[in-house]
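Student: Give me a 3D structure for the following:
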Amino acid sequence: MRVNNIVIVGGGTAGWMTATTFVRLFPKKKITLIESPDIKTVGVGESTIVQFRQWLSLVRIKDEDFMKYCDASYKFTIRITNFNKIDSGRVEYPFSKPEPIDENRFNLWYFKKILHPETPNTDYADSYYPIMALVNNNKVYKGKELGDFNFKHDTAFHFDATKFGIWLRDNVCNDKINHIKSNVKDVKMNDDGIEYLSLDNGDVITGDLFIDCTGFKSLLLGKTMGEKFISYNDIIPNNKAWATHIEYTDKEKQLQGITNATALKNGWVWNIPLWSKIGTGYVYSDKYTTDEEALNELKQHIKDNGFKVPEEFSNIKMRIGIHKRLFIKNVVAVGLSAGFIEPLESNGLYTVHEFLSFLVRVFERDNISQWDRDVYNYSCRSTFHNWAEFVSMHYALGERDDTPYWKDNLNKNYDEEINDLSTTQYHEFREHIKSKVYAFRFVEGSGIGCISSGYGYFPLSDNTLRYSNKVEDYDYTKYLLPIKQLDDRKNEWNEVVKDSPSLYEYLKKEIYTDD
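Tutor: Numbers count the residues shown, from 1 in each chain. The predicted model follows:
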């Protein structure tokens, strides 16, 4: 299949990121984007991860190009609060690479925890991630003295996803594509897939490739092609969300580089600090609560945290899972139309930028073969599954049992998933079990070390050390000096950033100069 005429169905963030990718990387191709004037975009993708920066680099977009137009701020960590137990506090999953200090790599901290049990579990992230100095002090630092931290590589964004899509439309795509505002009325099929689209404005649109960016509706891949959808509700418990925005009461203090996920009775609430407001919402399961009860629970949470309860809330029904194939004949899906996990770990845009990166690789060849389709399907599916298992472990490792929602989660049967680990070596479940149970250390540099350690789920203990070393009493004295060095380095990182501007001060000076 040779592709010169590309038709994107669906606007929103996914549609305009897709259009931007082809405009910037394949400018000779004809691009048409069909956007319904009636469909409101889903605004859950307001928090990104560092892979989003990779996409920005791919399409040559700089921070200062878009941030002020999209209510954007910087993000340094994802904070998981009270997932393990009621009032268990925070677990940090910071960006940037963790930095070991001796030959024990990331196991040194567990020796510290054995010797000093009163050490808080959050100290794991504080000890290995220099970016935590910024998180704990609410600072912005762009120098070169904070370990291996690199501001451009190791940060992400909070932003208004809807405004970002509009910015891409007006500033990157503008007159480089054919933008049509109309609804798809009918889809004409042939042996090669889609032959043409009939629009309600009377237009007939033909193309070589049709990209489905229609969100959960999945108009082309799901409804037209009839591709099977594989639900992930067996390992991801939630399927609905309430979303809204709240006003700052103390902006300089509350504007932080943190996406906070706080567990409630039947799910969790996100907190995403944008420049002018805070995005918040409640992710829950309607198996355990009604929409009205969930909304009241969210309103009470907002009130309990000292904010004024807003008047407008949006209810979103989430389709958790992924289609078996994402590229069939001349139809390919990107974003929510392909698959979605849930907003935890800020993966709302994950199936956009990651799947687009795979699609770019496909288009580096002139003639797309079935091999290319199959490789795209495998790459997307395995990446999605790996991330879904990582998200699932936020629930699997917890100990909460205060409501039926958390009790059922605590007793969820993972036997089938664990027995299926032989299918691929890249699954998070497999790697976590293998590294903890057999290697007594987590995979180096992986986020699961932060999550597990924050939950108190350690690969090393006094018992494992005596067992693995065949000794009755393990000698810890050789770790005293390295542990001191670990603490000294953490203090040095905090010292480096102490005179840096707060996130609010930095954004006001460097990005929002007119405010």
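
Student: what ranges do the helices span in the stretch 351-500 of the chain?
Tutor: 370-396, 404-410, 415-419, 428-433, 448-454, 462-469, 480-497 (DSSP state H, counting those that start in this stretch).

Student: domains for this structure, by residue range?
Tutor: 5-73+158-232+320-385, 240-317 (automatic domain parsing).

Student: which helices and strands does the helix or strand harbouring residue 74 pack with?
Tutor: Using DSSP states H and E, the element containing residue 74 is strand 73-75. For strand 73-75, the elements it packs on are strand 156-158, helix 503-510, judged by 3 or more C-beta pairs under 8 Å, 6 or more residues apart in numbering; DSSP states H and E. No exception for glycine: its C-beta is placed from N, CA and C like everyone else's.

Student: Comparing the ones you listed, which comes out most buried?
Tutor: strand 156-158 (a mean of 24; mean count of other C-beta atoms under 10 Å).

Student: moving C-terminal of that one, what's the next helix or strand?
Tutor: Downstream of strand 156-158 (by DSSP H and E), the next one is helix 161-168.

Student: Give the other helices and strands that that following helix contacts.
Tutor: helix 12-25.

Student: Quick one, grab the pLDDT at residue 422.
Tutor: Residue 422 carries a pLDDT value of 53.

Student: cool, and the one 10 residues further on?
Tutor: pLDDT for residue 432: 83.

Student: I figured it hits residue 447, correct?
Tutor: No: using C-beta atoms under 8 Å, residue 432 is not in contact with residue 447; the gap is 10.8 Å.

Student: okay, these two: which has more neighbours?
Tutor: residue 432 (24 against 19; other C-beta atoms under 10 Å).

Student: got a list of what the more buried one touches?
Tutor: 393, 442, 443, 448, 452 (C-beta atoms under 8 Å, 6 or more residues apart in numbering).

Student: show me where the stretch 101-250 of the chain has strands.
Tutor: 156-158, 178-181, 184-190, 193-199, 204-206, 209-212, 229-231, 240-246 (DSSP state E, counting those that start in this stretch).

Student: what about residue 279, which helix or strand?
Tutor: Using DSSP H and E, residue 279 falls in strand 278-284.

Student: Can you name every helix or strand that that strand contacts?
Tutor: Strand 278-284 packs on strand 240-246, strand 267-273, helix 291-304, going by 3+ C-beta pairs under 8 Å, 6+ apart.

Student: what's next to the last one, contact-wise?
Tutor: To tie it back to what came earlier, the one meant is helix 291-304. 240, 242, 244, 246, 262, 264-267, 269, 280-282, 284, 286, 289, 308-310, 313, 315.

Student: Kindly recompute the last result at 7 Å.
Tutor: Residues from elsewhere that reach helix 291-304, judged by C-beta atoms under 7 Å, 6 or more residues apart in numbering: 242, 246, 264, 265, 266, 269, 280, 282, 284, 309, 313, 315.

Student: what mean pLDDT does that helix have?
Tutor: Mean predicted lDDT for helix 291-304 stands at 98.

Student: Repeat that for stretch 336-353.
Tutor: pLDDT averaged over stretch 336-353 gives 92.

Student: what do you get for stretch 203-213?
Tutor: Stretch 203-213 comes out at a mean pLDDT of 97.

Student: can you check stretch 253-265 too?
Tutor: So the average pLDDT for stretch 253-265 ends up being 97.

Student: which parts of it are buried?
Tutor: 254, 255, 256, 257, 258, 259, 260, 261, 262, 263, 264, 265 (16 or more other C-beta atoms under 10 Å).

Student: Show me which of those is closest to residue 158.
Tutor: residue 259 (6.9 Å; C-beta to C-beta).

Student: isn't the closest one right next to residue 80, touching?
Tutor: No: the criterion here is C-beta atoms under 7 Å, and residue 259 misses it with residue 80 at 9.7 Å.

Student: what residues are shared contacts of those two?
Tutor: Common neighbours of residue 259 and residue 80 (C-beta under 7 Å, 6+ apart) do not exist.

Student: just to revisit the earlier point, what mean pLDDT does the strand holding residue 74 get?
Tutor: pLDDT averaged over strand 73-75 gives 97.

Student: Next secondary structure element downstream of it?
Tutor: strand 77-81.

Student: ok, residues contacting that next one?
Tutor: 89-95, 135, 257-263, 345-346, 394, 454.

Student: That strand pairs with which strands, and in what direction?
Tutor: strand 90-94 (antiparallel), strand 258-263 (parallel) (DSSP bridges).

Student: distance of residue 235 from residue 394?
Tutor: Applying C-beta to C-beta, to the nearest Å, the value for residue 235 to residue 394 is 11 Å.

Student: So between those two, which is more surrounded?
Tutor: Per other C-beta under 10 Å, whichever of residue 235 and residue 394 has more neighbours is residue 394, with 24 against 21.

Student: residues touching the more buried one, list them.
Tutor: So residue 394 contacts 80, 83, 344, 451 (C-beta under 7 Å, 6+ apart).

Student: and which of the residues you listed is nearest to residue 194?
Tutor: Relative to residue 194, and with distances defined as C-beta to C-beta, the nearest of the contacts of residue 394 is residue 344, at 34.3 Å.

Student: tell me the secondary structure for the closest one?
Tutor: The three-state label given to residue 344 by DSSP: H, G, I helix; E, B strand; the rest coil is coil.

Student: Wait, it touches residue 393, no?
Tutor: No: Residue 344 lies out of contact with residue 393 (C-beta under 7 Å); the separation is 10.6 Å.

Student: residue ranges with poor pLDDT in this structure?
Tutor: Along the chain, segments meeting pLDDT under 70 span 41-45, 417-426.

Student: what sits against the residue lying closest to residue 389 once chain neighbours are set aside?
Tutor: Closest residue in space to residue 389, ignoring its immediate chain neighbours: residue 428 at 3.8 Å, by C-beta to C-beta, 6 or more residues apart in numbering. Applying C-beta under 7 Å, 6+ apart, we find residue 428 in contact with 386, 389, 390, 393, 448.

Student: could you redo the last one with a cut-off of 10 Å?
Tutor: 385-393, 443, 446-448 (C-beta atoms under 10 Å, 6 or more residues apart in numbering).

Student: Just put those residues in CSV and tack on distance to residue 68.
Tutor: Below are the contacts of residue 428 laid out as CSV (distance: C-beta to C-beta, whole Å):
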residue, distance to residue 68
385, 37
386, 35
387, 30
388, 34
389, 37
390, 33
391, 31
392, 37
393, 37
443, 39
446, 35
447, 30
448, 36
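
Student: returning to that earlier point: closest one of the contacts of helix 291-304 to residue 210?
Tutor: Looking across the contacts of helix 291-304 and measuring by C-beta to C-beta, the closest to residue 210 is residue 315, at 29.9 Å.

Student: The closest one and residue 242 touch, don't they?
Tutor: Yes: in this structure, residue 315 is within contact of residue 242 by C-beta atoms under 10 Å, at 5.7 Å.

Student: Tell me which of those two has more neighbours.
Tutor: Between residue 315 and residue 242, residue 242 has the larger neighbour count (other C-beta under 10 Å), namely 21 against 13.

Student: give me every residue that touches that one.
Tutor: Contacts of residue 242 (C-beta under 10 Å, 6+ apart): 267, 269, 280-284, 291, 294-295, 297-299, 313-316.

Student: are any of the residues you listed buried, and which?
Tutor: Buried among the contacts of residue 242 by 16+ other C-beta under 10 Å: 267, 269, 280-284, 294-295, 297-299, 313, 316.

Student: Enumerate the beta-bridge partners assigned to residue 281.
Tutor: residue 243, residue 270.
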